[in-house]
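Visitor: missing the sequence, but the structure's below:
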(Lines give C-alpha, C1' and ligand atoms only; values in the text may rest on other atoms or scores of the structure.)
Protein backbone atom coordinates (compact mmCIF):
# COMPACT_ATOMS: atom_id res chain seq x y z
CA UNK A 1 0.00 0.00 0.00
CA UNK A 2 2.68 2.48 1.03
CA UNK A 3 4.88 1.37 -1.86
CA UNK A 4 2.07 2.07 -4.30
CA UNK A 5 1.56 5.56 -2.98
CA UNK A 6 5.26 6.35 -3.22
CA UNK A 7 5.85 4.95 -6.66
CA UNK A 8 2.57 5.86 -8.33
CA UNK A 9 1.14 8.91 -6.62
CA UNK A 10 3.66 10.48 -4.33
CA UNK A 11 6.07 11.89 -6.91
CA UNK A 12 5.99 13.95 -10.05
CA UNK A 13 5.06 12.08 -13.17
CA UNK A 14 7.88 11.17 -15.58
CA UNK A 15 7.76 10.52 -19.30
CA UNK A 16 6.87 6.85 -18.82
CA UNK A 17 3.89 7.70 -16.62
CA UNK A 18 2.69 10.46 -18.91
CA UNK A 19 2.57 8.02 -21.79
CA UNK A 20 0.98 5.18 -19.84
CA UNK A 21 -2.19 5.12 -21.95
CA UNK A 22 -0.08 4.93 -25.08
CA UNK A 23 2.29 2.37 -23.58
CA UNK A 24 -0.61 0.10 -22.55
CA UNK A 25 -2.59 0.82 -25.73
CA UNK A 26 -5.55 2.19 -23.77
CA UNK A 27 -8.88 1.58 -25.51
CA UNK A 28 -11.84 3.47 -24.10
CA UNK A 29 -14.27 1.14 -25.86
CA UNK A 30 -12.71 -1.92 -24.19
CA UNK A 31 -12.73 -0.15 -20.84
CA UNK A 32 -16.37 0.84 -21.35
CA UNK A 33 -17.36 -2.75 -22.12
CA UNK A 34 -15.53 -3.96 -19.01
CA UNK A 35 -17.22 -1.33 -16.89
CA UNK A 36 -20.72 -2.07 -18.20
CA UNK A 37 -20.14 -5.77 -17.53
CA UNK A 38 -19.79 -4.98 -13.83
CA UNK A 39 -23.50 -4.21 -13.83
CA UNK A 40 -24.82 -6.53 -16.51
CA UNK A 41 -22.96 -9.79 -16.01
CA UNK A 42 -24.78 -12.32 -13.82
CA UNK A 43 -21.48 -13.51 -12.41
CA UNK A 44 -20.09 -10.03 -11.93
CA UNK A 45 -16.83 -10.31 -10.04
CA UNK A 46 -17.64 -7.14 -8.12
CA UNK A 47 -20.55 -8.98 -6.48
CA UNK A 48 -18.86 -12.34 -6.09
CA UNK A 49 -15.55 -11.06 -4.75
CA UNK A 50 -16.72 -7.99 -2.85
CA UNK A 51 -20.03 -8.42 -1.09
CA UNK A 52 -19.36 -5.20 0.84
CA UNK A 53 -20.32 -2.93 -2.04
CA UNK A 54 -23.05 -1.24 0.00
CA UNK A 55 -24.53 0.93 -2.73
CA UNK A 56 -24.29 -1.44 -5.70
CA UNK A 57 -27.92 -1.00 -6.81
CA UNK A 58 -27.73 2.76 -6.31
CA UNK A 59 -24.57 2.94 -8.37
CA UNK A 60 -26.12 0.80 -11.08
CA UNK A 61 -28.96 3.32 -11.34
CA UNK A 62 -26.53 6.26 -11.28
CA UNK A 63 -24.20 4.96 -13.97
CA UNK A 64 -27.01 3.78 -16.21
CA UNK A 65 -28.36 7.34 -16.20
CA UNK A 66 -24.93 8.47 -17.41
CA UNK A 67 -24.69 5.82 -20.13
CA UNK A 68 -22.22 3.97 -17.91
CA UNK A 69 -19.53 6.63 -18.20
CA UNK A 70 -16.96 6.52 -15.37
CA UNK A 71 -16.73 9.51 -13.03
CA UNK A 72 -13.30 9.20 -11.43
CA UNK A 73 -11.12 6.72 -13.34
CA UNK A 74 -11.42 7.39 -17.07
CA UNK A 75 -8.08 5.96 -18.15
CA UNK A 76 -4.84 4.48 -16.86
CA UNK A 77 -3.49 7.97 -16.21
CA UNK A 78 -6.13 9.21 -13.72
CA UNK A 79 -3.82 8.91 -10.75
CA UNK A 80 -4.20 12.42 -9.38
CA UNK A 81 -7.88 12.13 -8.46
CA UNK A 82 -7.30 8.60 -7.19
CA UNK A 83 -4.47 9.73 -4.93
CA UNK A 84 -6.47 12.68 -3.60
CA UNK A 85 -9.44 10.46 -2.73
CA UNK A 86 -7.19 7.88 -1.09
CA UNK A 87 -5.76 10.60 1.13
CA UNK A 88 -9.29 11.51 2.24
CA UNK A 89 -10.20 7.87 2.90
CA UNK A 90 -6.96 7.29 4.78
CA UNK A 91 -7.88 10.17 7.10
CA UNK A 92 -11.01 8.29 8.12
CA UNK A 93 -8.94 7.18 11.11
CA UNK A 94 -9.16 10.75 12.39
CA UNK A 95 -12.90 10.19 12.75
CA UNK A 96 -12.41 6.87 14.50
CA UNK A 97 -13.35 5.04 11.30
CA UNK A 98 -11.65 2.13 9.56
CA UNK A 99 -10.39 3.09 6.07
CA UNK A 100 -10.75 -0.54 5.02
CA UNK A 101 -14.55 -0.30 5.18
CA UNK A 102 -14.12 2.15 2.31
CA UNK A 103 -12.14 -0.44 0.29
CA UNK A 104 -8.85 1.42 0.80
CA UNK A 105 -6.48 -1.52 0.20
CA UNK A 106 -8.68 -3.03 -2.49
CA UNK A 107 -8.71 0.20 -4.46
CA UNK A 108 -4.93 0.43 -4.26
CA UNK A 109 -4.55 -3.22 -5.22
CA UNK A 110 -6.93 -3.14 -8.20
CA UNK A 111 -5.50 0.04 -9.67
CA UNK A 112 -1.88 -1.03 -9.22
CA UNK A 113 -2.66 -4.27 -11.08
CA UNK A 114 -4.47 -2.39 -13.82
CA UNK A 115 -1.52 -0.08 -14.55
CA UNK A 116 1.19 -2.71 -14.17
CA UNK A 117 3.15 -2.82 -17.44
CA UNK A 118 3.34 -6.61 -17.44
CA UNK A 119 0.99 -8.50 -19.72
CA UNK A 120 -2.41 -8.51 -18.08
CA UNK A 121 -5.64 -9.45 -19.91
CA UNK A 122 -7.70 -8.37 -16.85
CA UNK A 123 -6.46 -4.77 -16.63
CA UNK A 124 -9.69 -3.21 -17.97
CA UNK A 125 -11.78 -5.24 -15.55
CA UNK A 126 -9.48 -4.13 -12.73
CA UNK A 127 -9.68 -0.51 -13.82
CA UNK A 128 -13.48 -0.78 -13.91
CA UNK A 129 -13.49 -2.34 -10.46
CA UNK A 130 -11.35 0.53 -9.17
CA UNK A 131 -13.92 3.03 -10.42
CA UNK A 132 -16.80 1.16 -8.82
CA UNK A 133 -15.01 0.61 -5.50
CA UNK A 134 -14.04 4.27 -5.42
CA UNK A 135 -17.58 5.46 -6.14
CA UNK A 136 -19.00 3.18 -3.45
CA UNK A 137 -16.34 4.41 -1.01
CA UNK A 138 -17.27 8.04 -1.68
CA UNK A 139 -20.97 7.38 -1.13
CA UNK A 140 -20.37 5.34 2.02
CA UNK A 141 -17.87 7.77 3.50
CA UNK A 142 -20.18 10.72 2.81
CA UNK A 143 -23.15 8.90 4.30
CA UNK A 144 -21.24 7.90 7.44
CA UNK A 145 -20.02 11.42 8.14
CA UNK A 146 -23.46 12.91 7.59
CA UNK A 147 -25.56 10.30 9.42
CA UNK A 148 -23.20 8.01 11.32
CA UNK A 149 -22.27 4.38 10.82
CA UNK A 150 -25.57 3.10 12.13
CA UNK A 151 -29.10 4.25 12.89
CA UNK A 152 -29.24 4.37 16.72
CA UNK A 153 -32.99 3.80 16.64
CA UNK A 154 -32.38 0.35 15.17
CA UNK A 155 -29.64 -0.62 17.63
CA UNK A 156 -31.49 0.88 20.64
CA UNK A 157 -35.16 0.71 19.63
CA UNK A 158 -36.48 0.88 23.19
CA UNK A 159 -34.23 3.63 24.55
CA UNK A 160 -33.05 6.07 21.85
CA UNK A 161 -35.52 8.82 20.95
CA UNK A 162 -33.40 11.84 20.11
CA UNK A 163 -34.11 13.40 16.72
CA UNK A 164 -31.64 12.50 13.99
CA UNK A 165 -31.35 13.63 10.39
CA UNK A 166 -33.57 11.58 8.11
CA UNK A 167 -31.16 9.99 5.64
CA UNK A 168 -34.07 8.92 3.43
CA UNK A 169 -34.77 12.57 2.62
CA UNK A 170 -31.19 13.31 1.58
CA UNK A 171 -29.76 12.99 -1.89
CA UNK A 172 -27.58 9.90 -1.64
CA UNK A 173 -26.00 10.56 -5.03
CA UNK A 174 -25.12 14.16 -4.23
CA UNK A 175 -21.39 13.39 -3.70
CA UNK A 176 -21.05 12.00 -7.24
CA UNK A 177 -22.53 15.18 -8.73
CA UNK A 178 -19.86 17.47 -7.28
CA UNK A 179 -17.48 19.46 -9.47
CA UNK A 180 -14.89 19.35 -6.70
CA UNK A 181 -15.34 16.06 -4.84
CA UNK A 182 -12.35 16.61 -2.53
CA UNK A 183 -13.68 19.97 -1.34
CA UNK A 184 -17.11 18.42 -0.84
CA UNK A 185 -15.77 15.55 1.27
CA UNK A 186 -13.83 17.97 3.44
CA UNK A 187 -16.85 20.24 3.93
CA UNK A 188 -19.30 17.52 5.00
CA UNK A 189 -17.18 16.56 7.98
CA UNK A 190 -18.81 17.49 11.32
CA UNK A 191 -17.70 20.96 12.35
CA UNK A 192 -19.00 21.28 15.91
CA UNK A 193 -16.44 22.11 18.56
CA UNK A 194 -17.34 19.08 20.64
CA UNK A 195 -16.64 16.81 17.65
CA UNK A 196 -13.34 18.44 16.68
CA UNK A 197 -12.16 18.45 20.29
CA UNK A 198 -12.90 14.76 20.60
CA UNK A 199 -10.97 14.13 17.37
CA UNK A 200 -7.97 15.81 19.02
CA UNK A 201 -8.45 13.58 22.07
CA UNK A 202 -8.39 10.52 19.81
CA UNK A 203 -5.10 11.67 18.31
CA UNK A 204 -3.71 12.20 21.82
CA UNK A 205 -4.63 8.73 23.11
CA UNK A 206 -3.43 7.03 19.93
CA UNK A 207 0.07 7.94 21.13
CA UNK A 208 -0.31 5.41 23.95
CA UNK A 209 -1.66 2.59 21.80
CA UNK A 210 1.61 0.63 21.57
CA UNK A 211 2.76 1.10 25.16
CA UNK A 212 2.81 -1.78 27.58
CA UNK A 213 0.05 -1.29 30.14
CA UNK A 214 0.53 -3.72 33.04
CA UNK A 215 -2.35 -3.90 35.51
CA UNK A 216 -1.81 -2.14 38.83
CA UNK A 217 -2.74 -4.48 41.72
CA UNK A 218 -5.75 -3.47 43.79
CA UNK A 219 -4.42 -2.35 47.20
CA UNK A 220 -5.38 -4.43 50.23
CA UNK A 221 -6.88 -1.34 51.86
CA UNK A 222 -7.57 2.23 50.85
CA UNK A 223 -4.53 4.44 50.44
CA UNK A 224 -4.72 7.81 52.19
CA UNK A 225 -2.19 10.59 52.70
CA UNK A 226 0.72 9.19 54.67
CA UNK A 227 0.06 5.59 53.65
CA UNK A 228 2.97 3.43 52.56
CA UNK A 229 2.36 0.84 49.85
CA UNK A 230 4.46 -0.63 47.05
CA UNK A 231 1.62 -0.01 44.60
CA UNK A 232 2.02 3.77 44.98
CA UNK A 233 5.08 3.82 42.71
CA UNK A 234 3.03 2.10 39.97
CA UNK A 235 0.24 4.62 40.40
CA UNK A 236 2.73 7.50 40.12
CA UNK A 237 4.21 5.98 36.97
CA UNK A 238 0.75 5.64 35.40
CA UNK A 239 -0.18 9.23 36.25
CA UNK A 240 3.10 10.40 34.69
CA UNK A 241 2.43 8.36 31.54
CA UNK A 242 -1.06 9.87 31.23
CA UNK A 243 0.56 13.29 31.77
CA UNK A 244 -1.31 14.17 34.93
CA UNK A 245 2.08 14.74 36.56
CA UNK A 246 4.76 16.85 34.89
CA UNK A 247 8.08 15.57 36.28
CA UNK A 248 9.82 18.74 35.05
CA UNK A 249 7.72 20.79 37.45
CA UNK A 250 7.15 18.35 40.30
CA UNK A 251 9.80 16.87 42.56
CA UNK A 252 8.46 13.60 43.94
CA UNK A 253 9.48 12.32 47.37
CA UNK A 254 9.78 8.64 48.27
CA UNK A 255 7.72 6.78 45.62
CA UNK A 256 6.28 4.22 48.05
CA UNK A 257 4.68 6.89 50.25
CA UNK A 258 1.45 8.69 49.35
CA UNK A 259 2.39 12.23 50.34
CA UNK A 260 0.37 15.44 50.11
CA UNK A 261 2.11 16.53 46.89
CA UNK A 262 0.34 13.73 45.01
CA UNK A 263 -3.17 14.26 46.31
CA UNK A 264 -4.23 16.96 43.83
CA UNK A 265 -3.09 14.84 40.88
CA UNK A 266 -5.13 11.89 42.13
CA UNK A 267 -8.13 14.16 42.71
CA UNK A 268 -7.80 15.51 39.17
CA UNK A 269 -7.73 11.99 37.77
CA UNK A 270 -10.78 11.07 39.83
CA UNK A 271 -12.78 14.09 38.66
CA UNK A 272 -11.95 13.51 35.01
CA UNK A 273 -13.15 9.92 35.34
CA UNK A 274 -16.36 10.71 37.20
CA UNK A 275 -15.24 9.44 40.62
CA UNK A 276 -15.62 11.16 43.98
CA UNK A 277 -12.57 13.41 44.12
CA UNK A 278 -11.65 12.69 47.73
CA UNK A 279 -8.01 11.88 46.96
CA UNK A 280 -8.35 8.46 48.58
CA UNK A 281 -7.02 5.66 46.37
CA UNK A 282 -9.33 2.66 46.50
CA UNK A 283 -10.59 -0.06 44.18
CA UNK A 284 -12.53 2.30 41.87
CA UNK A 285 -9.57 4.62 41.35
CA UNK A 286 -7.14 1.80 40.59
CA UNK A 287 -9.62 0.16 38.22
CA UNK A 288 -9.85 3.44 36.30
CA UNK A 289 -6.05 3.70 36.26
CA UNK A 290 -6.00 0.22 34.71
CA UNK A 291 -8.10 1.38 31.77
CA UNK A 292 -5.96 0.47 28.76
CA UNK A 293 -5.12 2.87 25.91
CA UNK A 294 -7.27 0.78 23.56
CA UNK A 295 -10.23 1.07 25.92
CA UNK A 296 -9.78 4.85 25.99
CA UNK A 297 -9.51 4.90 22.20
CA UNK A 298 -12.61 2.76 21.74
CA UNK A 299 -14.60 4.96 24.10
CA UNK A 300 -13.60 8.06 22.15
CA UNK A 301 -14.46 6.40 18.83
CA UNK A 302 -17.96 5.38 19.84
CA UNK A 303 -18.67 8.84 21.23
CA UNK A 304 -17.53 10.39 17.94
CA UNK A 305 -20.15 8.12 16.39
CA UNK A 306 -22.77 9.42 18.83
CA UNK A 307 -21.85 12.99 17.92
CA UNK A 308 -22.41 12.15 14.25
CA UNK A 309 -26.00 11.09 14.99
CA UNK A 310 -27.07 14.59 15.93
CA UNK A 311 -25.63 18.01 16.58
CA UNK A 312 -27.58 20.44 18.74
CA UNK A 313 -24.72 22.66 19.86
CA UNK A 314 -25.85 25.60 17.72
CA UNK A 315 -29.25 25.83 19.39
CA UNK A 316 -29.35 29.20 21.16
CA UNK A 317 -30.52 27.90 24.54
CA UNK A 318 -31.30 24.43 25.81
CA UNK A 319 -31.15 22.16 28.83
CA UNK A 320 -28.92 19.09 28.59
CA UNK A 321 -28.85 16.02 30.82
CA UNK A 322 -25.94 13.64 30.27
CA UNK A 323 -26.89 10.33 31.89
CA UNK A 324 -23.39 8.82 32.44
CA UNK A 325 -22.16 12.14 33.87
CA UNK A 326 -25.24 12.43 36.13
CA UNK A 327 -25.36 16.16 35.47
CA UNK A 328 -27.73 18.72 34.04
CA UNK A 329 -26.41 21.73 32.11
CA UNK A 330 -27.99 24.95 30.93
CA UNK A 331 -26.40 25.80 27.58
CA UNK A 332 -26.52 29.16 25.85
CA UNK A 333 -24.93 29.42 22.39
CA UNK A 334 -22.61 26.54 23.14
CA UNK A 335 -21.55 27.80 26.57
CA UNK A 336 -22.50 25.89 29.72
CA UNK A 337 -23.26 28.56 32.33
CA UNK A 338 -24.89 26.34 34.97
CA UNK A 339 -24.69 22.70 35.94
CA UNK A 340 -26.01 20.59 38.77
CA UNK A 341 -25.95 16.96 39.83
CA UNK A 342 -28.84 14.72 38.87
CA UNK A 343 -29.98 11.19 39.66
CA UNK A 344 -31.19 9.08 36.75
CA UNK A 345 -32.98 5.75 36.37
CA UNK A 346 -31.61 2.55 37.77
CA UNK A 347 -29.76 0.15 35.53
CA UNK A 348 -31.74 -2.86 34.36
CA UNK A 349 -31.13 -5.99 36.46
CA UNK A 350 -28.56 -8.44 35.12
CA UNK A 351 -31.26 -11.02 34.40
CA UNK A 352 -33.61 -8.51 32.76
CA UNK A 353 -33.72 -10.20 29.37
CA UNK A 354 -34.44 -13.63 30.87
CA UNK A 355 -37.17 -12.19 33.06
CA UNK A 356 -38.68 -10.41 30.08
CA UNK A 357 -38.73 -13.65 28.07
CA UNK A 358 -40.44 -15.37 30.99
CA UNK A 359 -43.03 -12.60 31.18
CA UNK A 360 -43.78 -12.85 27.47
CA UNK A 361 -44.13 -16.61 27.77
CA UNK A 362 -46.37 -16.64 30.86
CA UNK A 363 -48.26 -13.39 30.18
CA UNK A 364 -48.11 -12.62 33.90
CA UNK A 365 -47.68 -8.92 34.55
CA UNK A 366 -46.29 -9.36 38.05
CA UNK A 367 -43.36 -11.33 36.64
CA UNK A 368 -42.38 -8.57 34.25
CA UNK A 369 -39.08 -6.90 35.27
CA UNK A 370 -39.12 -3.17 35.88
CA UNK A 371 -37.20 -1.15 33.30
CA UNK A 372 -36.31 2.12 34.99
CA UNK A 373 -33.41 3.23 32.80
CA UNK A 374 -33.89 6.85 31.79
CA UNK A 375 -34.50 6.96 28.02
CA UNK A 376 -32.42 9.05 25.63
CA UNK A 377 -34.88 11.60 24.31
CA UNK A 378 -35.79 15.13 23.30
CA UNK A 379 -38.58 17.22 24.72
CA UNK A 380 -39.63 20.79 25.36
CA UNK A 381 -40.16 21.99 28.91
CA UNK A 382 -43.37 24.00 28.84
CA UNK A 383 -44.64 24.21 32.42
CA UNK A 384 -43.65 23.77 36.05
CA UNK A 385 -45.67 22.15 38.80
CA UNK A 386 -45.11 23.68 42.23
CA UNK A 387 -45.89 21.64 45.33
CA UNK A 388 -46.76 18.62 43.17
CA UNK A 389 -48.69 15.55 44.16
CA UNK A 390 -47.25 12.13 43.30
CA UNK A 391 -49.30 9.38 41.73
CA UNK A 392 -47.47 6.16 42.58
CA UNK A 393 -46.91 3.95 39.50
CA UNK A 394 -47.97 0.28 39.81
CA UNK A 395 -44.36 -0.88 39.44
CA UNK A 396 -43.33 1.14 42.50
CA UNK A 397 -46.32 -0.16 44.44
CA UNK A 398 -45.16 -3.70 43.76
CA UNK A 399 -41.47 -3.19 44.45
CA UNK A 400 -41.31 -0.54 47.17
CA UNK A 401 -44.66 0.22 48.77
CA UNK A 402 -45.24 -3.47 49.56
CA UNK A 403 -41.87 -3.74 51.31
CA UNK A 404 -42.38 -0.55 53.31
CA UNK A 405 -45.91 -1.49 54.36
CA UNK A 406 -44.66 -4.92 55.41
CA UNK A 407 -42.23 -3.24 57.80
CA UNK A 408 -44.66 -0.47 58.83
CA UNK A 409 -48.40 -1.04 58.40
CA UNK A 410 -49.07 2.69 58.85
CA UNK A 411 -46.52 3.74 56.22
CA UNK A 412 -49.07 5.23 53.80
CA UNK A 413 -50.82 7.31 56.44
CA UNK A 414 -47.58 8.53 58.01
CA UNK A 415 -46.22 9.70 54.64
CA UNK A 416 -49.25 11.69 53.48
CA UNK A 417 -50.60 9.19 50.96
CA UNK A 418 -54.23 9.09 49.94
CA UNK A 419 -55.67 5.85 48.62
CA UNK A 420 -58.56 5.53 46.18
CA UNK A 421 -60.55 2.43 45.27
CA UNK A 422 -63.51 2.05 42.93
CA UNK A 423 -65.77 3.30 45.73
CA UNK A 424 -63.73 6.46 46.30
CA UNK A 425 -61.15 7.47 48.89
CA UNK A 426 -60.47 4.85 51.56
CA UNK A 427 -58.48 4.72 54.77
CA UNK A 428 -54.80 3.99 53.94
CA UNK A 429 -54.74 1.50 56.79
CA UNK A 430 -57.40 -0.56 55.00
CA UNK A 431 -55.16 -1.37 52.01
CA UNK A 432 -54.69 -5.11 51.47
CA UNK A 433 -50.95 -5.53 50.94
CA UNK A 434 -51.34 -8.68 48.88
CA UNK A 435 -53.47 -6.79 46.33
CA UNK A 436 -50.55 -4.44 45.62
CA UNK A 437 -48.80 -7.34 43.89
CA UNK A 438 -51.78 -8.27 41.71
CA UNK A 439 -51.73 -8.14 37.94
CA UNK A 440 -54.31 -5.35 38.13
CA UNK A 441 -53.93 -3.32 41.32
CA UNK A 442 -57.34 -2.12 42.59
CA UNK A 443 -55.93 1.03 44.19
CA UNK A 444 -54.74 4.46 43.14
CA UNK A 445 -52.20 5.88 45.60
CA UNK A 446 -51.40 9.59 45.62
CA UNK A 447 -48.97 11.41 47.89
CA UNK A 448 -50.05 14.91 48.94
CA UNK A 449 -47.70 17.90 48.57
CA UNK A 450 -45.40 18.48 51.47
CA UNK A 451 -41.88 18.23 52.82
CA UNK A 452 -41.70 14.47 52.33
CA UNK A 453 -43.24 14.32 48.86
CA UNK A 454 -41.10 12.16 46.57
CA UNK A 455 -41.12 14.87 43.86
CA UNK A 456 -40.01 17.63 46.20
CA UNK A 457 -41.32 21.14 45.58
CA UNK A 458 -40.89 21.55 41.81
CA UNK A 459 -41.61 19.34 38.81
CA UNK A 460 -40.43 20.30 35.30
CA UNK A 461 -42.79 18.97 32.66
CA UNK A 462 -42.08 18.19 29.01
CA UNK A 463 -43.93 16.11 26.45
CA UNK A 464 -42.68 12.55 26.03
CA UNK A 465 -44.14 9.08 25.60
CA UNK A 466 -42.65 7.70 28.83
CA UNK A 467 -44.14 10.04 31.42
CA UNK A 468 -40.60 11.06 32.38
CA UNK A 469 -39.94 14.49 33.92
CA UNK A 470 -37.33 16.43 35.91
CA UNK A 471 -38.09 17.03 39.57
CA UNK A 472 -36.86 18.15 42.95
CA UNK A 473 -36.45 15.54 45.69
CA UNK A 474 -36.27 15.43 49.50
CA UNK A 475 -33.83 12.51 49.27
CA UNK A 476 -30.43 14.20 49.25
CA UNK A 477 -27.96 11.43 50.11
CA UNK A 478 -27.79 9.91 46.55
CA UNK A 479 -26.35 13.20 45.27
CA UNK A 480 -23.16 12.33 47.16
CA UNK A 481 -22.73 9.09 45.15
CA UNK A 482 -20.49 8.92 42.10
CA UNK A 483 -22.98 6.50 40.47
CA UNK A 484 -26.35 8.20 40.77
CA UNK A 485 -28.45 5.76 38.74
CA UNK A 486 -30.96 5.34 41.58
CA UNK A 487 -34.32 6.72 40.38
CA UNK A 488 -37.34 5.10 38.77
CA UNK A 489 -36.64 6.68 35.39
CA UNK A 490 -37.31 10.34 36.01
CA UNK A 491 -34.44 12.77 36.58
CA UNK A 492 -33.96 14.12 40.11
CA UNK A 493 -32.34 17.57 40.15
CA UNK A 494 -30.12 18.57 43.07
CA UNK A 495 -30.51 22.34 42.54
CA UNK A 496 -33.90 22.98 40.92
CA UNK A 497 -34.17 26.67 41.86
CA UNK A 498 -31.49 27.98 39.42
CA UNK A 499 -33.07 25.87 36.67
CA UNK A 500 -36.49 27.31 37.45
CA UNK A 501 -35.04 30.83 37.50
CA UNK A 502 -33.58 30.31 34.02
CA UNK A 503 -36.89 29.01 32.69
CA UNK A 504 -38.87 31.88 34.24
CA UNK A 505 -36.66 34.55 32.72
CA UNK A 506 -38.87 37.22 31.06
CA UNK A 507 -42.07 35.51 32.24
CA UNK A 508 -44.93 38.07 32.17
CA UNK A 509 -46.16 37.17 35.69
CA UNK A 510 -43.90 34.78 37.54
CA UNK A 511 -40.37 35.36 38.83
CA UNK A 512 -38.08 33.31 41.04
CA UNK A 513 -39.12 35.20 44.21
CA UNK A 514 -42.79 34.43 43.62
CA UNK A 515 -41.89 30.79 43.02
CA UNK A 516 -39.91 30.60 46.27
CA UNK A 517 -42.82 32.08 48.23
CA UNK A 518 -45.22 29.62 46.63
CA UNK A 519 -43.11 26.61 47.69
CA UNK A 520 -42.38 27.99 51.16
CA UNK A 521 -38.81 29.21 50.77
CA UNK A 522 -37.39 32.36 52.31
CA UNK A 523 -37.24 35.55 50.22
CA UNK A 524 -34.94 38.39 51.27
CA UNK A 525 -36.78 41.19 49.47
CA UNK A 526 -39.92 41.79 51.59
CA UNK A 527 -41.51 43.90 48.89
CA UNK A 528 -41.72 40.78 46.72
CA UNK A 529 -43.85 39.10 49.36
CA UNK A 530 -46.48 41.85 49.31
CA UNK A 531 -46.42 41.89 45.50
CA UNK A 532 -46.94 38.14 45.47
CA UNK A 533 -50.02 38.21 47.67
CA UNK A 534 -51.55 41.01 45.63
CA UNK A 535 -51.12 38.90 42.50
CA UNK A 536 -51.72 35.49 44.05
CA UNK A 537 -55.16 34.86 42.55
CA UNK A 538 -53.90 35.79 39.11
CA UNK A 539 -50.72 33.74 39.49
CA UNK A 540 -52.64 30.64 40.56
CA UNK A 541 -55.31 30.92 37.89
CA UNK A 542 -54.57 27.46 36.48
CA UNK A 543 -54.22 25.75 39.85
CA UNK A 544 -56.14 22.53 40.40
CA UNK A 545 -56.34 22.81 44.19
CA UNK A 546 -55.23 24.99 47.07
CA UNK A 547 -51.71 23.54 47.23
CA UNK A 548 -50.51 22.52 43.77
CA UNK A 549 -49.78 25.26 41.23
CA UNK A 550 -49.07 24.97 37.52
CA UNK A 551 -46.85 27.64 35.96
CA UNK A 552 -46.92 27.68 32.17
CA UNK A 553 -43.77 29.15 30.64
CA UNK A 554 -43.79 32.06 28.22
CA UNK A 555 -41.91 29.87 25.73
CA UNK A 556 -40.88 26.24 25.46
CA UNK A 557 -37.29 25.28 26.23
CA UNK A 558 -35.55 22.41 24.40
CA UNK A 559 -34.38 19.56 26.61
CA UNK A 560 -31.96 16.83 25.52
CA UNK A 561 -31.44 13.77 27.67
CA UNK A 562 -28.39 12.20 26.08
CA UNK A 563 -25.77 9.55 26.72
CA UNK A 564 -22.08 10.16 26.10
CA UNK A 565 -19.16 8.76 28.03
CA UNK A 566 -16.26 10.74 26.57
CA UNK A 567 -16.03 14.45 25.78
CA UNK A 568 -13.71 17.43 26.06
CA UNK A 569 -14.85 20.01 28.62
CA UNK A 570 -14.69 23.79 28.42
CA UNK A 571 -11.17 23.71 29.88
CA UNK A 572 -9.93 21.47 27.08
CA UNK A 573 -9.72 18.40 29.32
CA UNK A 574 -10.88 15.00 28.05
CA UNK A 575 -13.43 13.44 30.42
CA UNK A 576 -14.49 9.81 30.67
CA UNK A 577 -17.47 8.25 32.40
CA UNK A 578 -18.52 4.71 33.18
CA UNK A 579 -20.93 2.96 30.84
CA UNK A 580 -23.76 2.97 33.38
CA UNK A 581 -26.38 1.37 31.07
CA UNK A 582 -23.89 -0.67 29.00
CA UNK A 583 -24.78 1.26 25.85
CA UNK A 584 -21.06 1.60 25.03
CA UNK A 585 -20.74 -2.16 25.24
CA UNK A 586 -23.60 -2.80 22.82
CA UNK A 587 -22.39 -0.15 20.36
CA UNK A 588 -18.76 -1.27 20.46
CA UNK A 589 -19.66 -4.93 19.98
CA UNK A 590 -21.77 -4.08 16.92
CA UNK A 591 -19.21 -1.77 15.31
CA UNK A 592 -16.33 -4.15 16.00
CA UNK A 593 -18.22 -7.20 14.71
CA UNK A 594 -18.87 -5.34 11.45
CA UNK A 595 -15.28 -4.02 11.28
CA UNK A 596 -16.48 -0.43 11.21
CA UNK A 597 -13.89 0.99 13.62
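Guide: Arrived safely. All values derive from a computational prediction rather than experimental measurement.
Visitor: go through stretch 421-440 and flag the buried ones.
Guide: 428, 431, 436 (16 or more other CB atoms under 10 Å). (Each C-beta comes from the backbone N, C-alpha and C, glycine too.)
Visitor: what's the answer for stretch 478-488, then?
Guide: For stretch 478-488, by 16+ other CB under 10 Å, it's 478, 479, 483, 484, 485, 486, 487, 488.
Visitor: so can I have JSON lines of those showing secondary structure, pLDDT and distance to residue 205?
Guide: Formatted as JSON lines, these follow (DSSP: H, G, I helix; E, B strand; the rest coil; pLDDT from 0 to 100; distance: CB to CB, whole Å):
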{"residue": "478", "secondary structure": "helix", "pLDDT": "96", "distance to residue 205": "32"}
{"residue": "479", "secondary structure": "helix", "pLDDT": "97", "distance to residue 205": "31"}
{"residue": "483", "secondary structure": "coil", "pLDDT": "95", "distance to residue 205": "24"}
{"residue": "484", "secondary structure": "coil", "pLDDT": "96", "distance to residue 205": "27"}
{"residue": "485", "secondary structure": "strand", "pLDDT": "96", "distance to residue 205": "26"}
{"residue": "486", "secondary structure": "strand", "pLDDT": "94", "distance to residue 205": "31"}
{"residue": "487", "secondary structure": "strand", "pLDDT": "93", "distance to residue 205": "33"}
{"residue": "488", "secondary structure": "coil", "pLDDT": "90", "distance to residue 205": "36"}
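Visitor: out of those residues, flag the one nearest to residue 288.
Guide: residue 483 (12.9 Å; CB to CB).
Visitor: name the helices or strands packed onto the top helix by length along the chain?
Guide: Scanning the chain for the helix with the most residues, using DSSP state H, yields helix 123-147. Helix 123-147 sits against helix 28-40, helix 45-49, helix 56-65, helix 79-90, helix 104-114, helix 181-187, helix 293-309, with contacts defined as 3 or more CB pairs under 8 Å, 6 or more residues apart in numbering; DSSP states H and E.
Visitor: tell me which other helices or strands the helix or strand following that helix touches.
Guide: Following helix 123-147 in sequence order, the next helix or strand is helix 152-155 (DSSP states H and E). If contacts are counted by 3+ CB pairs under 8 Å, 6+ apart, helix 152-155 sits against strand 160-161, helix 583-593.
Visitor: and those: which comes nearest residue 63?
Guide: Nearest to residue 63 among those is helix 583-593 (30.3 Å), distances taken as CB to CB.
Visitor: that closest one: which residues count as buried?
Guide: Buried residues in helix 583-593, counted by 16+ other CB under 10 Å: 583, 584, 587, 588, 590, 591.
Visitor: can you pull the contacts of the second one?
Guide: Pointing back at residue 584 there. Residues in contact with residue 584 (CB atoms under 8 Å, 6 or more residues apart in numbering) are 299, 302, 565.
Visitor: with these in mind, which one is nearest to residue 106?
Guide: Distance to residue 106 across those (CB to CB) is lowest for residue 302, with 25.7 Å.
Visitor: please report the distance of the residue lying closest to that closest one once chain neighbours are set aside from residue 305.
Guide: Spatially, and ignoring its direct neighbours in sequence, residue 302 is nearest to residue 587 (5.0 Å; CB to CB, 6 or more residues apart in numbering). Between residue 587 and residue 305 the computed distance is 7 Å (CB to CB, to the nearest Å).
Visitor: of the buried residues of stretch 421-440, closest to residue 342?
Guide: residue 436 (29.1 Å).
Visitor: from residue 489, how far off is that closest one?
Guide: Distance check for residue 436 against residue 489: by CB to CB, it reads 19 Å.
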